[in-house]
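Asker: Sequence and predicted structure are below.
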2 protein chains.
Amino acid sequence: MPEATTVRDVTITPTHGGVTAPAGFRSAALHCGIKTKANALDLTVIVADKAASAAGLFTTNLAQAAPVLVSKQHLVHTGGIARAIVVNSGCANACTGDQGMRDATQMASDVATALSCDPAQVLVASTGVIGVNLKIDRISSGIRSAVASLARGKGSETAQAIMTTDPFPKEYAVTVQTPRGSFTVGGTAKGSGMIEPNMATMLGFLTTDASVSPALLDRALRESGRDTFNAITVDGECSTNDSLFALASGASGVAVDDELYPALVEAFLAVSRELALGIVRGGEGATKLISIEVRDACSIDDARQVARTIANSPLVKTAVHGADPNWGRIVAAAGRSGVKFDVQRATVHVGSVLLFENGLPHDDAAPRAAEHLKGKEIQIEVSLGTGGQHSATIWTCDLSAEYVRINGEYRT
Amino acid sequence: MPEATTVRDVTITPTHGGVTAPAGFRSAALHCGIKTKANALDLTVIVADKAASAAGLFTTNLAQAAPVLVSKQHLVHTGGIARAIVVNSGCANACTGDQGMRDATQMASDVATALSCDPAQVLVASTGVIGVNLKIDRISSGIRSAVASLARGKGSETAQAIMTTDPFPKEYAVTVQTPRGSFTVGGTAKGSGMIEPNMATMLGFLTTDASVSPALLDRALRESGRDTFNAITVDGECSTNDSLFALASGASGVAVDDELYPALVEAFLAVSRELALGIVRGGEGATKLISIEVRDACSIDDARQVARTIANSPLVKTAVHGADPNWGRIVAAAGRSGVKFDVQRATVHVGSVLLFENGLPHDDAAPRAAEHLKGKEIQIEVSLGTGGQHSATIWTCDLSAEYVRINGEYRT
């Protein structure tokens, strides 16, 4: 496990579990029959014992799935209060017209009936194939069974139930020790293909037992999401369904005010970074995690744009896959990114090895860079040579023949 | 061969040959030793018998190779006059610093010495690996041999000598019958990976025996390039070396003025479209040519942006590769393209099959669309549903495991 982080009298330490690690949350997961594989978990509910503060971040795609539209409405209607999140995998309920909206609304109603709460206090998420209607009867009866079996120790089943092409479940939690007491932040996420900054086919759920106002929770979610879930890309695709939710139960008794806000953000960052990197590590066909840091940019946006261009370059991704220290493809990607770039002053490092400087390669260093590229965790660092002060990091994975196989055969 | 095109008393008919089909041009090609494979053609010169009008379009990448910088200087210096184009394959002479500039200049000087002309009247292009210096001695002695063996019938050798990972050579020519006499336009092009709109790792050379002023030639090249060479993408990459040159010898005696200008553009379009589509058909790992037409956009730029986003979507490209009528990926790509898009009014056709309308799929039509996708030439048509009047077409190829193999093993 990573080491503890300290933020001004606050200590953040990894702990076990995921969304049910914080007090005040229970979950359940089961196979209701959306996925065709027998017994594959495909439905989960995450429930706060009492009404919790809630916040959401959603896909920027203009084609938004029904659960995204319904969850957005619910957050606006309640002003950021929720009792539960209901999620199915295997069907995205996207491009499903009016019936899709009725089905997403029904999912919220079913949970609300079982919990005796306002349906607007239920958030909905779906992931899977686009353009297929939900088998809503199976979902409804599944929701009744799930709510009847809620328990605190079932976070890891929730992590499994939201998976589609993910090769492994992703969950993480930290405890936050403050001068005013401890609270816990937990989370789970899924996503493998269609992953790109600004929300992709990605679902993420964070919970905390801190007491946080809806407004502060929303701010913490946006701030921590920017450099974690929104800083990863698998294939440059941004999906119809991406949703990141946070719920705060307050069950720890620790109230997050302006003073404790940095600690909350730091904890959200710790959990979100671990989950986001898990998504990239489990990217479709991925064999390597690549971090791309761009330095000396004129703005953070510039740095991000170059890092994303490199991260989404199929030539860079295939070169890393083949452990080829092909800095030329990195320079070419930076040069076409649309951002100020001085090839004569730029530098490229792969691992700690300087490969390009003063407009020229260091070919004698290539074998050492190739060694680094044979590992599982790859660092690429580019200075734009423009004398700017800003930097940004984007994480991605390599592009393998397996990605092509998965996506050429996904539906057929 | 495609049929003849008629433009107001002008008939354009395909003919045999490539860059030496028009009168007044000769070429030669040989193996000088840049490519390691024995006898692989890697050097060619295209020579106009007398000083010709010349124009060039270049990569928009900020990392520009030495031959691009030298050719741009030469075109500015001469005001658009050239005697020859010299091209090597196997080495891009990009990111090669001062030595690279000296080598590119040397290539022009060597040709100029052999032809007894001003070195500024020689245009230079290179393609191949980035960051490796040219073996300039081999090039220089190759240039002397090549100029000594210039002939009219060697256009197809030129087409072969500019290839890198291209699976086949690309050349094309048309004769243009006008009320004032006939002229011919010929051309050749190369490119396979790093292909994306706005000039990629692509070289293209057009010749004509029409008499055209440098200014009008430049205009015709820009106008025809926009919807041909700049409307293709293999992998979204834009290279350091892209160059498209046109030379006009005037040897036909037909002078292109404002009246004949549309005929020249139409002939440039005919040759350029054939060559550009050849590049996509021969894209790295490509098994299918995909045309993506976007309609009902608010501007041509909007239409192009959506078409490019779809064309560069790895999920769309892998779906086409697997003959999967996955319209959902097309809708998702359109939705994330940053352009106005109304998912409720949008439509998606694959071939002539309507797959998506009123926010809903036509799943019963999927088998017919899958049949179309099993072919070699795929049509995708998207209406954005925004009531706009503009449309654009971008051509691309599918993404196969072979692309990953080629690019994961290119240098190693």
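Answerer: Received, thanks.
Asker: Okay, buried residues for stretch A:210-223 please.
Answerer: Judged by neighbour count (16 or more other C-beta atoms under 10 Å in any protein chain shown), stretch A:210-223 contains these buried residues: A:210-212, A:214, A:216-221, A:223. The C-beta positions use only the backbone N, C-alpha and C, and glycine is treated the same way.
Asker: Among these, which ones are in helices?
Answerer: A:214, A:216-221, A:223 (DSSP state H).
Asker: give me the low-pLDDT residue ranges for chain A?
Answerer: Within chain A, the segments meeting pLDDT under 70 span A:1-7, A:192-201, A:234-239, A:409-412.
Asker: Now render the ones in helices among the buried residues of stretch A:210-223 as a markdown table, adding distance to chain B.
Answerer: Formatted as a markdown table, the entries for those read as follows, by distance: C-beta to the nearest C-beta, whole Å:
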| residue | distance to chain B |
| --- | --- |
| A:P214 | 28 |
| A:L216 | 30 |
| A:L217 | 27 |
| A:D218 | 23 |
| A:R219 | 25 |
| A:A220 | 26 |
| A:L221 | 21 |
| A:E223 | 23 |
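Asker: how about the helices in the stretch 301-412 of chain A?
Answerer: Remark: helices assigned in the stretch 301-412 of chain A by DSSP state H, counting those that start in this stretch are A:314-321, A:327-335, A:366-373, A:401-408.
Asker: what about whichever helix in chain A runs longest, near chain B?
Answerer: Once chain A is assigned using DSSP H, the helix that runs over the most residues is helix A:261-281. No: remark: helix A:261-281 sits outside contact range of chain B, by C-beta under 8 Å from any C-beta of the partner chain, the gap being at least 15.3 Å.
Asker: ok, and for stretch A:180-192, which residues are buried?
Answerer: In terms of neighbour count (16+ other C-beta under 10 Å), stretch A:180-192 has its buried residues at A:180, A:182-192.
Asker: so which of those would you say is closest to chain B?
Answerer: Sorting the buried residues of stretch A:180-192 by distance to chain B puts A:S192 at the head of the list, at 11.8 Å, by C-beta to the nearest C-beta.
Asker: element containing A:T287, please.
Answerer: Secondary structure here is read from DSSP states H and E; on that basis A:T287 sits in neither a helix nor a strand.
Asker: so how far is A:L260 from it?
Answerer: 40 Å (C-beta to C-beta, to the nearest Å).
Asker: Please apply the same query to A:S53.
Answerer: Relative to A:L260, A:S53 is positioned 14 Å away (criterion: C-beta to C-beta).
Asker: now A:A248
Answerer: Applying C-beta to C-beta to A:A248 and A:L260 gives a distance of 12 Å.
Asker: Looking at the two, which one has more neighbours?
Answerer: Taking neighbours as other C-beta atoms under 10 Å in any protein chain shown, A:A248 and A:L260 compare with A:A248 leading, 31 against 23.
Asker: Would you mind listing what in the stretch 301-412 of chain A touches chain B?
Answerer: Neighbours of chain B within the stretch 301-412 of chain A, by C-beta under 8 Å from any C-beta: A:312-315, A:318-319, A:321-324, A:326-329, A:331-336, A:341, A:343, A:356, A:358-361, A:363, A:399-401, A:403-405, A:407-412.
Asker: Buried subset of these as a ChimeraX selection?
Answerer: Entered in ChimeraX, the line below selects the buried ones among those, by 16+ other C-beta under 10 Å:
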select /A:312,313,314,315,318,319,321,322,323,324,326,327,328,329,331,332,333,334,335,336,341,343,356,359,360,361,399,400,401,403,404,405,407,408,410,411
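Asker: what's the neighbour count on A:G80?
Answerer: As a burial measure, A:G80 scores 22 neighbours (other C-beta under 10 Å).
Asker: ok, it touching A:P214?
Answerer: Yes: counting by C-beta atoms under 8 Å, A:P214 is a contact partner of A:G80 at 2.7 Å.
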